[in-house]
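Trainee: the sequence and its predicted three-dimensional model are supplied below.
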Amino acid sequence: MSKFGTLVMGPAGAGKSTFCSALIQHLQNNKRPCFYVNLDPAAEDFAFEPDIDIKDLISLEDVMEEMSLGPNGGLIYCFEFLMENLDFLTDPLEEVTEDYLIVFDMPGQIELYTHVPILPDLVKTLMRGSLNINMCAAYLLESTFVIDRPKFFAGTLSAMSAMLMLEMPHVNILSKMDLIKGNVAKRDMKRFLHADATLVEDDPSRRVEDEEEGSKRVADPAAKKNIMGGESFHRLNKAVAQLIDDFSMVSFLKLDVQDEDSVGAVLSYIDDAIQFHEAQEPKEPKDAVENDIYESAMDR
Ligand SMILES: Nc1nc2c(ncn2[C@@H]2O[C@H](COP(=O)(O)OP(=O)(O)OP(=O)(O)O)[C@@H](O)[C@H]2O)c(=O)[nH]1
C-alpha cells in the first residue's frame, strides 16, 4: 500500500505555511483527509494544529540558545537531530492510510535544499522502505519577486537545484498572485509560467525612453553595463534561459491562496504527480481480474 504526500518548499517568506493552510482548508472542504507535518523548527502560530510538529522534538530557538548557533547552523543541527530520532516522524506516519494527503511544511532556509545531504536522505526514508510515500515537491517562489527577470532566473535555478538534489516529481508554483496588479503586470506574468529564451531579450529594464523615437534598445554598451549588472550578466541570464528552454525543465503554476479554485488547480497537479486518484480507484479482486482475462481470451 502506498501513502501520498507533498513537500512544501521554497525560500523564506515565499508563502509555504499560508499555502499549507489553504491546501488543508481546501481538502477539508472536499472531505479529503489530510495529515499535516510541520518540519520547520522555527514555525509559530499555525492556522491548523499539526499532527506532527518537529518542535515537539526540538526547537530552533532552544538550539540557538544552548548550542550558541546561528539560524542556519541551528536548522542543520535540528535536522541532524531529527535524522537521529527518525522514529519521532516515521512511527506516526506508519499509521496514515492511502486516502490521506500528507502535507509537509518545510523551513525556508535554502541551504537545506542545496548544500547538505540531509534532505535527500530524509526524502529517501519517506519514499522508500515501509513508509513508501508517493511524494512530490511543491516549490514556491513569490511572484512579485520573480517579475524582475534576473531574480526570476535566480529563483528558477534554486528550484532546479532542489529538483536535482531531491530527484522527485516537482510542481513549481508562483505564489502571492493576488499581489500582481494591473493588466500589463498580469500579461507580463504569463511569460514566466512557461519561460523561454526570449524572456531575457524582452526585459523592459533593458529599454530606455527615447524622447523622439519612443522606447528602444540601449545602444550604448556603457549604459547597458548599468542595467541588470552588466552585459556579462545578461549573457549569463540568456544562457540560463536557453538551458531552461532547451530542456523544458521548469514551468510554474499560478497560486492565489484567496481563490479556492486556484488552490484546487494546484492540488490537481500535485495529485497527478503522485498519482493519487489512480490509487483510490476500487480494485477488482485478483480472482475476478484473472477470470476476465480468461473469459476474454475464450471469446476470441
Ligand atoms: N498577499 C499575500 N500574502 C501572502 C500570501 N501568502 C503568504 N503571504 C504573506 O507572506 C508572509 C510569509 O508567509 P508565510 O506563509 O509565513 O511564508 P513561509 O514561506 O512559510 O515563510 P517561512 O516559514 O518564514 O519561510 C506572511 O506575512 C503572509 O501573510 C499570499 O498568497 N498573498
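Mentor: Structure received. Numbers count the residues shown, from 1 in each chain.
Trainee: relative to Gly70, how far out is the nearest residue to Ala185 once chain neighbours are set aside?
Mentor: Residue nearest to Ala185 in three dimensions, not counting chain neighbours: Ile147, with 6.8 Å by C-beta to C-beta, 6 or more residues apart in numbering. Bear in mind the C-beta positions are built from the backbone N, C-alpha and C, glycine included. Noted for Ile147: a distance of 31 Å to Gly70, by C-beta to C-beta, to the nearest Å.
Trainee: for the two, indicate the residue with more neighbours.
Mentor: Ile147 (17 against 9; other C-beta atoms under 10 Å).
Trainee: pretty sure the more buried one sits against Asp188.
Mentor: Yes. Look at Ile147 against Asp188 with C-beta atoms under 8 Å: they come within range, at 6.7 Å.
Trainee: which bits of the stretch 51-200 of the chain sit near the ligand?
Mentor: Contact residues of the stretch 51-200 of the chain with respect to the ligand, defined by C-beta under 6 Å from any ligand atom, are listed as 108, 175-176, 178-179.
Trainee: turn the residues you listed into TSV, including secondary structure, pLDDT and neighbour count.
Mentor: Output for those, formatted as TSV (DSSP: H, G, I helix; E, B strand; the rest coil; pLDDT from 0 to 100; neighbours: other C-beta atoms under 10 Å):
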residue	secondary structure	pLDDT	neighbour count
Gly108	coil	90	19
Ser175	strand	95	28
Lys176	coil	94	21
Asp178	helix	90	14
Leu179	helix	89	12
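Trainee: what's the farthest-apart pair in those residues?
Mentor: Gly108 and Asp178 (20.1 Å; C-beta to C-beta).
Trainee: direction included, what does the one helix or strand Leu253 maps to pair against?
Mentor: Using DSSP states H and E, Leu253 sits within strand 252-254. Next to strand 252-254 in the sheet, as set by DSSP bridges, lie strand 170-175 (parallel).
Trainee: which element is encountered next along the chain beyond the partner strand?
Mentor: In N-to-C order, the element after strand 170-175 by DSSP H and E is helix 183-193.
Trainee: distance of the residue of the stretch 1-150 of the chain found nearest the ligand from Ser251?
Mentor: At 2.4 Å from the ligand, Gly108 is the closest residue in the stretch 1-150 of the chain, using C-beta to the nearest ligand atom. The gap separating Gly108 from Ser251 is 22 Å, by C-beta to C-beta.
Trainee: what's the answer for Ile244, then?
Mentor: 9 Å.
Trainee: if you count what's nearby, which of those two comes out ahead?
Mentor: Ranked by neighbour count (other C-beta under 10 Å), Ile244 and Ser251 place Ile244 first, with 22 against 13.
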